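Participant: Okay, structure incoming, though there's no sequence with it:
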């Protein structure tokens, strides 16, 4: 058995975080003498001084800094464990928040939501149609239970979902098509490019080729699609979103000698897989299954 209890580490952390025994006691609803005793007992049990007096204040010793840094990991793990138990005891969560990048195949997204609704009709769903770092920002902020993205998230492991092909396209009557020859990226610089804005609020970024002198930036793929059909510019669009427009002749791939097609692998990321409730897991499985089911029919 451990000589030092978790409560002792928590009291030491409180004394350090609140700048002294009196403020810490008020914050954690304990008497200053209780905290003082707990910390001194900890020092006796470990044989190490963790606090030293500086005037009327106390501060961590070098050994105390090292020990408390390790102890905070225990405190956080214990809080996480209790949260998991609370969720398990409560059963099904009332709401699932999902951030799915707009490039994710629309057919698979609709099929997944339809399947989830049939199984969990009572669970609310917040669907955020994100762009680039928007979903990752929600993940880092703890505002999404699940994120489907083509961007790597530091500190998280994702589940591979689907690789989305982007195709450079424009209206058949666009001046680039009227050149009647193979194009290179230099040809594009003189024409308007349509770009979808990163939905992240703090750390937005750009992706792909963005060197056109004229550029219109919109917030949704549907807006970019409408502008393409009107001949207002060119863009790289997810192949799954332009299939009908290509088949009907409303859009036409640009005859680029290189760079006309690029691929983005997408992954599904849990905010915390162990702490996720049954509804979040069901949503993840519905998305994964929908991707597989939609692929053979060419709808993705």
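Facilitator: Nice, I can see it. Nothing here was measured: the structure is a model prediction, and the numbers come from that model.

Participant: Show me how the record splits this structure into domains.
Facilitator: Domain assignment for the chain by the TED database gives 6-90, 95-160+265-294, 162-264.

Participant: now the second one: mean pLDDT?
Facilitator: Computed over domain 95-160+265-294, the mean pLDDT rounds to 94.

Participant: From one end of that domain to the other, what's the distance?
Facilitator: Domain 95-160+265-294 has an end-to-end distance of 26 Å (criterion: C-alpha to C-alpha, to the nearest Å).

Participant: With the last one instead?
Facilitator: Counting by C-alpha to C-alpha, you get 8 Å between the two ends of domain 162-264.

Participant: and what of stretch 25-33?
Facilitator: End-to-end distance for stretch 25-33: 9 Å, by C-alpha to C-alpha.

Participant: which helices and strands does the helix or strand hosting residue 15 pack with?
Facilitator: Per DSSP states H and E, residue 15 falls inside helix 6-17. Secondary-structure packing of helix 6-17 (3 or more C-beta pairs under 8 Å, 6 or more residues apart in numbering; DSSP states H and E): helix 21-28, helix 32-46, helix 62-90. The way it works is simple: take the backbone N, C-alpha and C, and place the C-beta from them, glycine included.

Participant: weakest of the ones you listed in terms of mean pLDDT?
Facilitator: Mean pLDDT per stretch puts helix 62-90 lowest among the helices and strands packed on helix 6-17, at a mean of 85.

Participant: Measure how far that helix is from the centre of its chain, please.
Facilitator: Averaging C-alpha positions (C-alpha atoms, centre = their mean, to the nearest Å) puts helix 62-90 23 Å from its chain's average.

Participant: now do stretch 219-231
Facilitator: 25 Å.

Participant: Can you show me the strands along this protein?
Facilitator: 51-54, 57-60, 95-101, 124-130, 146-149, 159-170, 193-196, 215-218, 235-238, 252-253, 261-270 (DSSP state E).

Participant: Make JSON lines from the ones you listed and add mean neighbour count to it.
Facilitator: JSON lines is the format used below for the strands of the chain (neighbours: other C-beta atoms under 10 Å):
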{"stretch": "strand 51-54", "mean neighbour count": "12"}
{"stretch": "strand 57-60", "mean neighbour count": "15"}
{"stretch": "strand 95-101", "mean neighbour count": "22"}
{"stretch": "strand 124-130", "mean neighbour count": "16"}
{"stretch": "strand 146-149", "mean neighbour count": "27"}
{"stretch": "strand 159-170", "mean neighbour count": "19"}
{"stretch": "strand 193-196", "mean neighbour count": "22"}
{"stretch": "strand 215-218", "mean neighbour count": "14"}
{"stretch": "strand 235-238", "mean neighbour count": "23"}
{"stretch": "strand 252-253", "mean neighbour count": "16"}
{"stretch": "strand 261-270", "mean neighbour count": "17"}
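
Participant: Residue 292 is nearest to which of those?
Facilitator: Closest of those to residue 292 is strand 159-170, at 9.1 Å (criterion: C-beta to C-beta).

Participant: Parallel or antiparallel, list what pairs with the closest one.
Facilitator: As defined by DSSP bridges, the strand partners of strand 159-170 come to strand 235-238 (antiparallel), strand 252-253 (antiparallel), strand 261-270 (antiparallel).
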